[in-house]
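# build the 3D model from these lines:
(one chain, ligands or ions: 2)
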Amino acid sequence: MSLYKKIGFGVTAAAIVGAAIYGGYKVSQHYGYFQKKQTIKQKIGFIGSGMMAEAIARGILEKELVKPDQVMGSDPIPERREVFKKYGFHATENNEEVVEFADIIILATKPQVAEEMLKHLKNKNLAEEKIVVTIMAGKQIGWVKEHLGEKSKIVRVMPNTPLAIGEGAAGIVSKGCSKEEVDLVVSIFKSVAVVEVFEDESKIDIVTGLSGSGPAYIFRLIEAMVEGGVQGGLNENDALELAIQTVIGAGKLAAKRRAENISIPKLREMVTSPHGTTEAGLNFLDKNHFYETVSGAVVKATERSIELGKN
Ligand SMILES: NC(=O)C1=CN([C@@H]2O[C@H](COP(=O)(O)OP(=O)(O)OC[C@H]3O[C@@H](n4cnc5c(N)ncnc54)[C@H](O)[C@@H]3O)[C@@H](O)[C@H]2O)C=CC1
Ligand SMILES: O=C(O)[C@@H]1CCC=N1
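Ligands and ions are numbered 1, 2, ... in the order given. All right, here's what the predicted structure looks like:
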């Protein structure tokens, strides 16, 4: 190939890529072809602008699914409204303003204040075409419908905070929505999370105990690994850096190898040399019931979700 052709081809390819990116297309990192960047036209409103609302709003903003002015959050706490404003979102004290503004209303207060919050929403501009997404732990769709009316369209989602960086995990069930409406909500969460859709609502309590609360178990694990490293003589910063990367690396390896049908126990075995260091560590974990402790934590959190639904 002549030098001219090489340069010419390079320039043309660069121009196409540039134009595609400018036009809203991006090169898929995974597959190397052009993908249309997903956007939605609907407005999203959060009732309660706390940690999880921020994680969702930030996640979908960073994925460019929405523009900042498509999002509004309400909260009685001025600092929380300031946080929302910092991203360019609308922020208000008034829940009714969110209901009026949004096509999709995300109920993101604590379950303990849900009754009070819903009492005030009842019959307040909640037009039938609006979709209500509840992320409140434990609170069932039927219970939300008792407050908002039988005709209300409710989707129950259990997300987790890594949604904020597009690495979330979420479970979804719905009642009273068309397929298009459910697909819309699923696509919003799929832009920032792995999503499992269920028929049986009781599965959401288990999702809550596993992936909803799960990031906190992993953070506790990191804390404990750092403590072990510091006890051995590492400085805290180095121990933290190594512990975090170990969790990231192990998680990514598990995901990649799963796609190749290599099981998690097999990956564990691949680290564990006979009579080596890992075996010594794992024996200590087993002797101290690590496996039962972690699976038990998922069960306890699931039970708490069920309990929150009863109050
Ligand atoms: N934090 C998490 O990792 C996850 C939380 N969830 C669910 O998300 C919901 C929110 O949890 P967080 O964000 O952690 O709590 P949070 O306490 O950070 O946020 C709740 C916000 O609601 C506001 N609020 C209280 N009463 C209100 C009212 N009447 N109207 C409007 N706003 C009101 C509070 O001021 C607070 O800022 C909970 O129901 C929780 O079960 C679900 C999955 C994960
Ligand atoms: O701790 C909680 O109740 C919420 C639900 C899942 C994660 N955080």
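
# list the contacts of stretch 191-210.
Stretch 191-210 has contacts (CB atoms under 8 Å, 6 or more residues apart in numbering) with 38, 56, 59-60, 63, 65, 137-138, 140-141, 156, 158-160, 162-164, 166-173, 182, 186, 189, 297-306, 309. Heads up, the C-betas are built off the backbone N, CA and C, glycines and all.

# near ligand 1, list only the ones from the residues you listed.
Contacts with ligand 1 within the contacts of stretch 191-210, counted by CB under 6 Å from any ligand atom: A137, M158, P159, N160.

# list just the nearest of those residues to ligand 2.
Lowest distance from ligand 2 to these (CB to the nearest ligand atom) belongs to A137, with 3.9 Å.

# so the closest one: helix, strand or coil?
In three-state terms, and counting by DSSP: H, G, I helix; E, B strand; the rest coil, A137 is coil.

# quick one: it and L308 touch, right?
Yes: when contacts are counted by CB atoms under 8 Å, A137 is listed as touching L308 (5.4 Å).

# pick out whichever of these two has more residues nearby.
Set side by side, A137 and L308 show more neighbours around A137, with 24 against 18, by other CB atoms under 10 Å.

# in contact with the more buried one, which residues are there?
P111, M158, T208, G212, R304, S305, L308.

# re earlier: now for A137 and L308: what residues contact both?
Joint contacts of A137 and L308 (CB under 8 Å, 6+ apart) are P111.

# mind checking the SS state of F46?
strand.

# in this protein, which spans are strands?
Using DSSP state E, the strands assigned to the chain run over residues 25-27, 34-36, 44-47, 71-74, 90-92, 104-107, 131-134, 153-158, 168-175, 193-197.

# of those strands, which approaches H275 most closely?
Judged by CB to CB, the one of these that comes nearest to H275 is strand 168-175, at 36.4 Å.

# any weak-confidence spans in the stretch 1-150 of the chain?
The stretch 1-150 of the chain contains residues with pLDDT under 70 at 1-36, 122-125, 127.

# taking it, what residue is nearest to ligand 1?
G50 (1.7 Å).

# please verify my assumption that that residue contacts I106.
No: taking CB under 8 Å as the contact criterion, G50 and I106 are not neighbours in contact, 11.4 Å apart.

# hang on, the earlier thing: and the residue of the stretch 1-150 of the chain closest to ligand 1, how far from ligand 2?
Note on G50: its distance to ligand 2, by CB to the nearest ligand atom, to the nearest Å, is 10 Å.

# for that residue, what are its contacts?
By CB under 8 Å, 6+ apart, the contact list for G50 reads D75, R80, A108, T109, K110.

# ligand 1 contacts on the stretch 1-150 of the chain?
Near ligand 1, when you scan the stretch 1-150 of the chain using CB under 6 Å from any ligand atom, you find 47-53, 74-77, 80, 95, 108-111, 113, 116-117, 135-137.

# same list (the strands of the chain) but as TSV, adding mean neighbour count and distance to E223.
Compiled in TSV, the strands of the chain are given as follows (neighbours: other CB atoms under 10 Å; distance: least, CB to CB, whole Å):
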stretch	mean neighbour count	distance to E223
strand 25-27	14	37
strand 34-36	12	38
strand 44-47	28	30
strand 71-74	26	30
strand 90-92	20	33
strand 104-107	26	30
strand 131-134	25	31
strand 153-158	24	24
strand 168-175	22	21
strand 193-197	18	24
